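A.B. asks: Sharing a model prediction with you, sequence too.
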Amino acid sequence: MKDNEYNKKIIDIPRILIAGDRSSSGKTTISTGLMSVLHHKGLRVQPFKVGLDYIDPSYHTEATGRPSRNLDGYLMDRDSVLEVFNHGINYNGGADIAIIEGVRGLYEGLEALSDTGSTAQIAKILNCPVILVINARSITRSTAALVMGYSSFDPDVNIAGVILNNIGGARHAQKARDAIKAYTDIPVIGEILRDDSMKISMRHLGLIPAMEGRRMQADFDHRITVIKDIIKTSVDIDSLIEIANKVPPLEIKDPQIFVPAIKRGAPVIGIAMDEAFNFYYRDNLDLLEIAGAKLVYFSPVNDTHPPAMDGMYIGGGYPELFPQELSDNESMRNDIKEMSLSGLPIYAECGGLMYLTNELITGKISTSSYRSADMPPGEYPMVGALPGRTLMGHTRIVSYSKGGFIESTPIGQKGDTFIGHEFHHSEIIDLPDNSRFGIELTRGSGIKDGYDGLMSGNTIGVYSHMHAASYKEFAVRFVDACSR
């Protein structure tokens with residue numbers, strides 16, 4: 001990154017936001033396909049995802065070759081959203097166009113009576129035209145009512161085009177298109193037929209992550225190519241680019257997040273990255289490097305031993321789907337436990353927390369509608385760097401979290417506060433009465449009785465996923481701990 005990349009006061013880049021009329025409208029597949037088409041046209045496409053999801057961005061990255069970034073209007077204030085957006089479009093030589101995928105329905109957010117945390121909020125902050133994806137299965141004239149309602153609900157949201165998904169055939173498409181044309185002035189720029197090729201397998205936390213899909217599905221690349229080809233023939237790409245070009249520049253303030261820190265040495269931080277652990281916000285990793293760290297990657301599933309390091313970061317993921325592989329890799333488990341006992345700073349989020357407990361107990365996910373992740377029941381030894389055992393499938397937590405550090409930890413000092421996010425189907429059981437916690441929550445569930453940040457020495461495991469654009473102390477605190 002060049003030092004002058006963040007001296008810009010104006011953001012001037014074509015941009016478009018792909019929103020859904022509801023969850024499961026098909027916007028992730030369509031967004032990924034659009035990104036892939038534009039990438040293959042020779043454009044440098046910068047992807048973004050509204051909300052705190054890890055999995056959808058993994059497909060964006062596969063389609064564009066550029067790391068996707070998260071934008072969240074609850075965790076981030078307006079200036080932070082603009083700064084993360086600016087960081088993304090200027091990263092690694094810059095982008096030609098930005099494609100933002102929304103979350104849930106266009107207006108769904110934190111509350112019923114405000115747009116906080118919604119796709120609509122991000123569209124307004126970025127002054128970005130919206131392409132509304134409508135799940136048109138079994139409706140024709142009603143599509144016009146949906147378009148009218150969505151476009152008039154908030155006049156400050158510019159719905160500039162419509163893509164009709166799940167179309168049954170030419171007659172279905174014609175009726176829906178005619179209705180929208182008759183009752184609105186918003187153009188239909190795409191009609192996508194029902195096709196199983198447009199489906200990406202789902203499980204209890206959403207889609208299968210792209211990294212896992214690539215390693216576990218022999219036809220992964222073919223499936224992505226098919227999606228690209230369907231989008232290429234079903235959507236008017238020239239109209240989409242024309243809409244994206246009709247955007248005003250954005251003014252931004254001086255950076256407060258992506259600011260080179262005073263170097264605190266150059267600690268090596270090991271990042272667990274494989275099919276079991278791949279939930280990371282790319283901005284967190286960038287900020288660790290900006291703070292002076294050198295990142296090295298390793299696989300708790302596939303590597304025999306971790307590399308030499310001054311600190312360790314184990315992100316979220318699906319350890320519950322690879323319990324046998326993780327358990328069988330005894331040399332890796334033993335090494336990580338020894339590193340923890342020696343005082344190495346270790347930070348583990350959600351899936352990483354599960355891996356660091358004594359045991360992982362698996363079984364069927366009974367509280368989810370996604371059934372591709374049924375697990376045979378079993379009990380598997382894990383690292384044992386943290387007390388307790390992890391039980392899968394008896395709870396489901398999806399919530400923003402908010403809290404503060406109540407003692408010094410590798411990622412925060414007493415008095416630091418943060419806003420984060422929880423999304424898990426597991427719970428930590430059989431914790432000793434004297435278990436030590438570094439975080440007290442004012443919102444969210446955490447690990448036990450409103451406490452999060454289970455600790456042992458310099459090892460801390462949390463259910464709260466933290467984004468460094470909200471918790472700005474994260475990178476500096478962790479790099480400091482790893483430098484000592």
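C.D. replies: Yep, that arrived.

A.B. asks: Tell me which other helices or strands whatever helix or strand residue 354 lives in touches.
C.D. replies: Assigned by DSSP states H and E, residue 354 falls within helix 351-356. Helices and strands touching helix 351-356, as assessed by 3 or more Cβ pairs under 8 Å, 6 or more residues apart in numbering; DSSP states H and E, comprise strand 277-279, strand 311-314, strand 316-317, strand 346-349, strand 459-462. Quick note: C-beta positions are derived from backbone N, CA and C, even for glycine.

A.B. asks: can I get those in TSV with distance to residue 20 and mean neighbour count?
C.D. replies: As requested, the helices and strands packed on helix 351-356 are exported to TSV (distance: least, Cβ to Cβ, whole Å; neighbours: other Cβ atoms under 10 Å):
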stretch	distance to residue 20	mean neighbour count
strand 277-279	22	24
strand 311-314	32	28
strand 316-317	24	28
strand 346-349	27	28
strand 459-462	30	28
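
A.B. asks: a markdown table for the ones you listed, including distance to residue 95 and mean pLDDT?
C.D. replies: Listed next are the helices and strands packed on helix 351-356 as a markdown table, based on distance: least, Cβ to Cβ, whole Å; pLDDT from 0 to 100:
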| stretch | distance to residue 95 | mean pLDDT |
| --- | --- | --- |
| strand 277-279 | 23 | 95 |
| strand 311-314 | 27 | 98 |
| strand 316-317 | 27 | 95 |
| strand 346-349 | 28 | 98 |
| strand 459-462 | 32 | 98 |
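
A.B. asks: Dump those strands into JSON lines; add distance to residue 136 as well.
C.D. replies: Formatted as JSON lines, the helices and strands packed on helix 351-356 follow (distance: least, Cβ to Cβ, whole Å):
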{"stretch": "strand 277-279", "distance to residue 136": "32"}
{"stretch": "strand 311-314", "distance to residue 136": "42"}
{"stretch": "strand 316-317", "distance to residue 136": "34"}
{"stretch": "strand 346-349", "distance to residue 136": "38"}
{"stretch": "strand 459-462", "distance to residue 136": "41"}
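
A.B. asks: Please identify which of those strands is closest to residue 36.
C.D. replies: strand 277-279 (20.1 Å; Cβ to Cβ).

A.B. asks: tell me which residues in the following helix or strand past the closest one are buried?
C.D. replies: Using DSSP H and E, the helix or strand that directly follows strand 277-279 along the chain is helix 282-290. For helix 282-290, the neighbour count (16 or more other Cβ atoms under 10 Å) marks 282, 283, 284, 285, 286, 287, 288, 290 as buried.

A.B. asks: So which of those residues is the closest to residue 428?
C.D. replies: residue 284 (23.0 Å).

A.B. asks: could you check the distance from the closest one over to residue 469?
C.D. replies: 9 Å (Cβ to Cβ, to the nearest Å).

A.B. asks: what about residue 305, how many residues close to it?
C.D. replies: 12 (other Cβ atoms under 10 Å).

A.B. asks: which non-adjacent residue is nearest it?
C.D. replies: The shortest distance from residue 305 to any non-neighbouring residue, by Cβ to Cβ, 6 or more residues apart in numbering, is to residue 335 (5.4 Å).

A.B. asks: How about the host helix or strand of the one you found, which residues are buried there?
C.D. replies: In this structure, residue 335 sits in helix 330-341 according to DSSP H and E. If you call a residue buried by 16+ other Cβ under 10 Å, then helix 330-341 has these buried ones: 332, 333, 335, 336, 337, 339, 340.

A.B. asks: May I see those residues arranged in a markdown table, with pLDDT and distance to residue 396 as well?
C.D. replies: Below are the buried residues of helix 330-341 laid out as a markdown table (pLDDT from 0 to 100; distance: Cβ to Cβ, whole Å):
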| residue | pLDDT | distance to residue 396 |
| --- | --- | --- |
| 332 | 98 | 29 |
| 333 | 98 | 28 |
| 335 | 98 | 33 |
| 336 | 98 | 28 |
| 337 | 98 | 30 |
| 339 | 98 | 32 |
| 340 | 98 | 29 |
